[in-house]
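Colleague: Quick one, fold the following:
(one chain, ligands or ions: 2)
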Amino acid sequence: MRMRACADVWTDSAIEAAQRALIAEQLATQGYCVIPNYLDLAAQQALLAEALAAQAGGLFRPGAVGHGQNRQVESEIRSMQLLWLDAQFPAQAAYLARMGLLMTDLNRRLFLGLRSCEAFFALYEPGDFYRRHCDNFLDASPRKVTAVLYLNADWQADDGGELSLFDGDGATPIARILPQAGTLACFLSRDFPHEVCVTNRQRIAIPTWLRNDDPTIPLPPDVL
Ligand SMILES: O=C(O)CCC(=O)C(=O)O
Ligand SMILES: [Fe+2]
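Modeller: Ligands and ions are numbered 1, 2, ... in the order given. Next up is the predicted model:
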């Protein structure tokens, strides 16, 4: 039993290290990557259970777009609900810890200077969408890398809800990613305008930003 446990631990961390190396390589060469099965089934299901419990508790709030006085709930741009991750819950803590390891590795390989991470559950009900936008407009934002983890089992092409990535001028489609449970989509925040197409079924994701600002300066609680 001990041998077995050790082997499992070794295998898991070797897979994670290989995933981190692949993410770094593809961010360096093409600016984005898509990793199916980034999380194993148990970890996916634990995160989904925490998200659904929060939804049942009425903890999600409508998404808003913009900053400060321009901040608004803009249903033309985005229609969804969100809840910031909370490390008091074990599956969320494990996910954030894994993002911490990814940041460290990306810094070592690509010198990105990543220092903090923010992540939220995003809940899209049928008919919801997020029109084309950029997570880091004109490099003014500390968000350097966007990672999005999906939690939706058995997603089919006609369920809609794809993440579409566009080239820098926002005109040419580069990739369409199904929000399949366990898949991680990762891209340089400044370089890829993107949109969430209208979804035909409930769609839950964890958008995550890896940032290069100081984690000791608290983020305003409602900036998105
Ligand atoms: O859920 C996704 O696929 C992407 C979400 C997104 O672009 C965002 O929240 O900024
Ligand atoms: Fe985005």
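Colleague: Spatially central residue in the chain, please.
Modeller: In the chain, the residue lying closest to the centroid (CA atoms, centre = their mean) is residue 148, at 2.1 Å.
Colleague: on contacts alone, who are the packing partners of the helix or strand where that one lies?
Modeller: Residue 148 is located in strand 143-150, with elements delineated by DSSP states H and E. Under the contact criterion of 3 or more CB pairs under 8 Å, 6 or more residues apart in numbering; DSSP states H and E, strand 143-150 touches helix 90-110, strand 184-188, strand 203-211. Just so you know, the C-beta spots here come from the backbone N, C-alpha and C atoms, and that holds for glycine as well.
Colleague: Which is the succeeding secondary structure element to the shortest one?
Modeller: The C-terminal neighbour of strand 184-188 among helices and strands, as given by DSSP H and E, is strand 194-196.
Colleague: Same question for the first one.
Modeller: Moving toward the C-terminus from helix 90-110, the next helix or strand (DSSP H and E) is strand 116-124.
Colleague: related to what we said a few turns ago, tell me what angle the strand holding residue 148 forms with strand 203-211.
Modeller: 160 degrees (axes from the mean of the first three to the mean of the last three CA atoms, to 10 degrees).
Colleague: just the angle between strand 143-150 and helix 90-110, please?
Modeller: 140 degrees.
Colleague: can you list the residues of the chain near ligand 1?
Modeller: Contact residues (CB under 6 Å from any ligand atom) of the chain with ligand 1: 122, 130, 135, 148, 163, 179, 194, 196, 205, 207.
Colleague: Between all of the residues you listed, which two are separated the most?
Modeller: 135 and 179 (16.7 Å; CB to CB).
Colleague: Thank you kindly, that will do.
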